[in-house]
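Student: Sequence and predicted model, in that order:
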Amino acid sequence: MKVLVLGGDSGFIGGHLSRKLKDPFQCKFVSMRDLSWMNDNFNANCVINLVGKAHDFTGKAAEEDFFYANFELAKKAFQLFVSSQANVFIHISSLAAIEEVESSMSLSENADYNSVSPYGKSKQAAEEWLMQQQLPPNKKLIILRPPMVHGAGDKGNLNQLYKLVSKGIPYPLVRFKNKRSFLSIDNFCFFIEQILLQHEKMGTGIYHLADDETLSSNEIVNVMKQETGLKVPCFPLPKHIIRWLSKLGDHSRALPLNTWRLKKLTSNLVVSNKKIKLTLAIQRLPKTAKQGLRETIRSFKQGH
């Protein structure tokens with residue numbers, strides 16, 4: 001099976017997929033910035049769209065930057081797919097398209113859109129546009145919504161939290177109890193592999209990806225402490241003081257916590273992966289949530 005991966009020539013997820021997707025797949029990882037690969041007559045059976053813009057810890061990215069990378073280029077990728085011989089288009093969206101901060105229930109694929117950031121709104125816009133398109137005969141659209149994907153090379157919020165813990169800074173969020181869904185990069189690659197092998201079982205539509213278990217922020221910090229061997233003290237400040245400090249952080253980048261990051265660290269956000277597991281008859285994923293987390297933390301440790 002020939003697989004064309006758009007936006008997979010660089011980046012965290014593309015790098016892992018290039019190492020994981022071996023036989024029976026013949027994969028080509030290309031850039032949307034240089035379309036010279038279109039002259040190669042690769043004739044892919046499946047197109048995976050990884051093109052997008054995710055994290056921006058500098059605060060310099062404008063809303064139009066997110067919409068160009070996550071919406072306009074998604075449209076361009078889909079149009080390339082329609083004009084090709086490929087019959088499956090896998091678009092990597094994000095849970096942020098429907099929810100970014102908190103949910104009191106396990107989110108299924110039919111949950112209402114509630115994106116709030118430029119990133120989430122741009123992912124939502126791409127999903128809505130794609131689902132409105134008329135597919136040519138014998139072509140299929142599969143949209144995947146993962147929560148935070150982590151692993152070696154990840155530069156996201158998990159890496160930011162690790163940097164704080166590894167410096168021995170007392171952890172102040174102990175009083176917050178939460179549950180969040182994550183997805184280890186190994187489990188992500190496993191899902192992609194199974195979709196490629198069994199895509200005939202899947203209909204056009206949206207599917208959620210996630211580890212089978214949830215993790216709390218306290219569990220994550222404990223694993224970080226275990227893997228680093230650091231005796232990081234806990235400093236359980238009252239919640240109202242934490243919230244006040246996070247508001248100060250909204251006005252100063254010198255502070256490690258703001259209201260957005262506090263919500264991301266302490267709120268509940270759980271994803272149901274039942275639909276795709278039932279569709280593909282997946283009994284269990286290769287890694288538990290804690291196994292995947294431990295491997296990610298070890299990679300952070302080796303990288304520092």
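Tutor: That came through, no problem.
Student: Burial check on residue 100, number of neighbours?
Tutor: Neighbours of residue 100 under the rule other CB atoms under 10 Å: 22. For glycine as for every other residue, the C-beta is placed from the backbone atoms N, C-alpha and C.
Student: Roughly how far does it sit from residue 300?
Tutor: In this view, residue 100 and residue 300 are 24 Å apart by CB to CB, to the nearest Å.
Student: any weak-confidence spans in this structure?
Tutor: The chain contains residues with pLDDT under 70 at 55-60, 304.
Student: So which residues of it form strands?
Tutor: In the chain, the strands defined using DSSP state E lie at 2-6, 26-30, 46-49, 88-92, 140-145, 148-150, 180-184, 205-208, 214-215.
Student: Relative to residue 248, which of these is closest?
Tutor: Nearest of the strands of the chain to residue 248, taken as CB to CB: strand 180-184 at 24.5 Å.
Student: who's in contact with that closest one?
Tutor: With contact meaning CB atoms under 8 Å, 6 or more residues apart in numbering, strand 180-184 is reached by 95, 146-151, 158, 209-211, 214-217, 267-271, 287, 289, 291-293, 295-296.
Student: Buried by neighbour count, from those residues: which ones?
Tutor: Among those, the ones that count as buried by 16 or more other CB atoms under 10 Å are 95, 146-151, 158, 209-211, 214-215, 217, 267-271, 287, 289, 291-293, 295-296.
Student: Among those, which lie within helices?
Tutor: Among the buried ones among the contacts of strand 180-184, DSSP state H puts 158, 217, 289, 291, 292, 293, 295, 296 in helices.
Student: so how far is residue 242 from the residue lying closest to residue 258 once chain neighbours are set aside?
Tutor: Closest residue to residue 258 apart from its sequence neighbours, by CB to CB, 6 or more residues apart in numbering: residue 249 at 3.6 Å. From residue 249 across to residue 242, the span is 10 Å (CB to CB).
Student: okay, and the common contacts of those two?
Tutor: residue 257.
Student: What's the local residue count around residue 159?
Tutor: 18.
Student: ok, now which ones touch the nearest residue to it once chain neighbours are set aside?
Tutor: Among residues not flanking residue 159 along the chain, residue 300 sits closest, at 6.2 Å (CB to CB, 6+ apart). Contacts for residue 300 (CB under 8 Å, 6+ apart) come out as 159, 162, 166.
Student: Residue 65 now?
Tutor: Residues counted as contacts of residue 65 (CB under 8 Å, 6+ apart) are 53, 118.
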